[in-house]
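Chemist: Build me a model:
(chains A and B)
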2 protein chains.
Amino acid sequence: MPTEIFLQSPLDMHIHLREGAMLDLVAPLSAETFAGGVIMPNLVPPVADLERLEWYMGEVRRAVGEHIFTPYMALFFRNYSEADLAAVREHIIGIKLYPEGVTTNSEGGVKSLSDAEQTMAMMQDMDIPLLVHGEVPESFVMDRESDFLPIYDELAQKFPRLKIIMEHITTAAAVKLLDRYENVHATVTLQHLLITLDDVAGGLLNPHLFCKPIAKRPEDRDALLHAALTAHPKLMFGSDSAPHPLEKKECCGCAAGVFTAPVALAMLAELFDAHDALDKLQAFVSGNAQSIYGLRPPAKTVHLLKEPCTVPAKYGDVVPIRSGGEIGWRVV
Amino acid sequence: MPTEIFLQSPLDMHIHLREGAMLDLVAPLSAETFAGGVIMPNLVPPVADLERLEWYMGEVRRAVGEHIFTPYMALFFRNYSEADLAAVREHIIGIKLYPEGVTTNSEGGVKSLSDAEQTMAMMQDMDIPLLVHGEVPESFVMDRESDFLPIYDELAQKFPRLKIIMEHITTAAAVKLLDRYENVHATVTLQHLLITLDDVAGGLLNPHLFCKPIAKRPEDRDALLHAALTAHPKLMFGSDSAPHPLEKKECCGCAAGVFTAPVALAMLAELFDAHDALDKLQAFVSGNAQSIYGLRPPAKTVHLLKEPCTVPAKYGDVVPIRSGGEIGWRVV
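Modeler: Residues are numbered from 1 along each chain as shown, chains lettered A, B, ... in the order given. Coordinates of the predicted model:
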């Protein structure tokens, strides 16, 4: 059994870095261990034009400092003109579509997908990937993703050359979709490989594991885990690490999001090791994303040892996953 | 449309009054509007012998003070001898069975039902009702009640003269069970007539609506509501009102329980009024329980008016359901 591994250019294909003081806190924590990440555009207001995109990329680069880390910028989906798309194309990795009101700062998202088709058709022609928060906001919370899957069917068939990424999938049914359409891919988070609704609300209520999409059933978690551990070539790691200050989590009316970025690689090593699948981790955290997006991330080697480390109780005022607990692997 | 109603001897067939200062706070709030209630025995240690039962009944009577309110005492299920049961029989309304570890202070509950059968057989012979927290603790949180239903089937068939009460049912499948066995009855809470998991975890996480069994799917809520609004003769109101101090609710690791007792009758009037079913409320909050248990509660008339009232933000340090909000009906 290996007691150390070296990961080449690990990528976090779905990350919330926020802005201001929170950005300054969390961006270096991602950049310490990842070579790059897909930066979500759900600021207030959203990152929805070239000017704001360039400003935000500058902010991220400034916050990252000396670390080797490429921010792959995602634009917030709007009905853009061809000129808009042409101008922004070289600066982005894709465009992120949020159904209106489905998660933190998704106000101003898309209300009707048929309105969005013209933009999608242009994205297909210009080879701009579509990143999707796939939930039907009006559905019952446990059904929101599965109710959205027919929309993926429709989009995949209507735009067969559009690269579609189902972001942070949480259900066995979504895993199955990966094999149905050549142009459909997915990211999955660390927490959805580990937990079910039981961990959020089965014992005491645990706000630090509350996220959207909400963790689902054991059979869903098992299907996601199997796909990750076998490095399904259409599945990428995307932490969806989403920092909120403590007072927004441990309160009446807690915000959705789990902060995982600083410990994600160590916990993934622990998880893959526990399932004798360490040889699949490189593909899951980098290789698959490189193939799917055609990325060439900066060279960066991350050395992990099978040695216990203790997770800090907090980073600033943000409580991470497994706060104060132990991980069986650590980044050297 | 009626703008006032008079309820005769409303009963809360499932209530947690705790002990000490919390008992002093909440018992009068129940006794203000209810004529009696079934007092749950899950103290630490549990109410599991005659001495402790008599002590607890005395505590409840003291806390209730001048109010007209009969405490119907439930004993904590253990494997009792015939002599134990004979001694306690006249002092209790029934015996409450908790699967081990399923809810607040259920440690020391039953681990194996087959061990419990001898006691159940004696209860059947002595006409002592069995009150059951029907959840399989090891199951996925959304399945814990439905996974328990086969145990109700088994008990109902094995002990056809044993009066079985499925406490705080939350699923459409449990409602169906009411019509399958003559000896199976149920209580339902206020919150399970109103909410689904969406209200707990669909938007922001709401610890004040987190309870066990957890609120289920919309079709479950609809089935419970239909049975209540039609005053299904085997269904009784039992609030399961469960006070926790604020710091146990708005925290990381929030305790399960919704505090509803002080506003339950006003909210039930509002709910039944909204569905044109006010004529069924008397049976739901008293008549059915009297028939099922053969009770003769003290005379007490509660007058409700269709006039808005504001729910206090807190009672002591306990946050009630709809804290700070408005109810369309009020107790005069």
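Chemist: quick one: contacts of the least confident helix or strand in chain A by mean pLDDT?
Modeler: Lowest mean confidence among the helices and strands of chain A (mean pLDDT, DSSP states H and E): helix A:246-249, at a mean of 79. If you take Cβ atoms under 8 Å, 6 or more residues apart in numbering or on different chains as the criterion, helix A:246-249 is touched by A:207-208, A:254-255, A:314, A:317-319, B:252. (Each C-beta comes from the backbone N, C-alpha and C, glycine too.)
Chemist: again, only using 7 Å
Modeler: By Cβ atoms under 7 Å, 6 or more residues apart in numbering or on different chains, the surrounding residues in contact with helix A:246-249 are A:207-208, A:254-255, A:317, A:319.
Chemist: Give the buried residues for that helix.
Modeler: Residues of helix A:246-249 classed as buried by neighbour count (16 or more other Cβ atoms under 10 Å in any protein chain shown): A:248-249.
Chemist: Dump it to CSV, restricted to CA.
Modeler: The C-alpha coordinates for helix A:246-249 follow below in CSV (Å, rounded to 0.1, in the frame of the first residue of the first chain):
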residue,chain,number,x,y,z
LEU,A,246,-19.4,31.5,11.0
GLU,A,247,-22.4,33.7,11.9
LYS,A,248,-24.0,32.8,8.6
LYS,A,249,-23.7,29.1,9.4
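Chemist: Determine the next helix or strand in the C-terminal direction from that helix.
Modeler: helix A:264-274 (DSSP states H and E).
Chemist: Show me what that following helix is in contact with.
Modeler: A:5, A:7, A:10, A:12, A:33, A:190, A:193-194, A:229, A:239, A:241, A:278, A:280-281, A:285, A:302, A:304, A:306, A:309, A:327-331.
Chemist: right, and the helix or strand after it?
Modeler: Using DSSP H and E, the next helix or strand after helix A:264-274 towards the C-terminus is helix A:281-282.
Chemist: in stretch A:22-31, what counts as buried?
Modeler: Under 16+ other Cβ under 10 Å, the buried positions of stretch A:22-31 are A:22-31.
Chemist: Phi and psi next, for A:L53.
Modeler: As for A:L53, its main-chain torsions (degrees, to the nearest 10) stand at phi -60, psi -50.
Chemist: isn't it right up against A:H91?
Modeler: Yes: using Cβ atoms under 7 Å, A:L53 is in contact with A:H91, at 5.8 Å.
Chemist: Looking at these two, which one has more neighbours?
Modeler: Under the criterion of other Cβ atoms under 10 Å in any protein chain shown, the comparison of A:L53 against A:H91 puts A:L53 first, with 21 against 12.
Chemist: Spit out the contact partners of that one.
Modeler: A:L53 neighbours (Cβ under 7 Å, 6+ apart): A:47, A:73, A:75, A:88, A:91-92.
Chemist: A:L224 now?
Modeler: A:169, A:175, A:188, A:192-193.
Chemist: need the next SSE after the strand or helix carrying it, C-terminal direction.
Modeler: Using DSSP H and E, the element containing A:L224 is helix A:218-229. Next in sequence after helix A:218-229, counting helices and strands by DSSP H and E, comes strand A:235-237.
Chemist: Identify all contacting residues around that following strand.
Modeler: Applying Cβ under 7 Å, 6+ apart, the contact partners of strand A:235-237 are A:12-13, A:178, A:185-188, A:227-228, A:284-285, A:288-289, A:292.
Chemist: still on that earlier bit, among the contacts of A:L53, which ones are in helices?
Modeler: Members of those lying in helices (criterion: DSSP state H): A:V88.
Chemist: Could I have the buried ones of the contacts of A:L53 as PyMOL selection syntax?
Modeler: Under the burial definition 16+ other Cβ under 10 Å, those of the contacts of A:L53 that qualify are selected in PyMOL by:
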select buried, chain A and resi 47+73+75+88+92
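Chemist: Burial check on the nearest residue to A:W329 once chain neighbours are set aside, number of neighbours?
Modeler: Using Cβ to Cβ, 6 or more residues apart in numbering or on different chains and skipping residues adjacent in sequence, the residue nearest A:W329 is A:A269, 3.9 Å away. By other Cβ under 10 Å, 26 other residues sit near A:A269.
Chemist: Next, the contact list for A:H226, please.
Modeler: A:H226 neighbours (Cβ under 7 Å, 6+ apart): none.
Chemist: rewinding a little: out of the buried residues of stretch A:22-31, flag the one nearest to chain B.
Modeler: A:M22 (18.7 Å; Cβ to the nearest Cβ).
Chemist: Check what contacts the strand or helix carrying the closest one and list those residues.
Modeler: Per DSSP H and E, A:M22 falls inside helix A:20-33. With contacts defined as Cβ under 7 Å, 6+ apart, helix A:20-33 is touched by A:10, A:12, A:15, A:17-18, A:37, A:59-60, A:63-65, A:67, A:69, A:243, A:261-262, A:265, A:302, A:315-316, A:318, A:331.
Chemist: Stretch A:1-14 too?
Modeler: A:30, A:33-38, A:40, A:167-168, A:187, A:236-240, A:261, A:264-265, A:269, A:278, A:281-282, A:285-286, A:289, A:297-306.
Chemist: Repeat that for stretch A:93-100.
Modeler: A:38, A:40-42, A:72-77, A:106-107, A:109-111, A:123, A:128-133, A:135-137, A:165, A:293.
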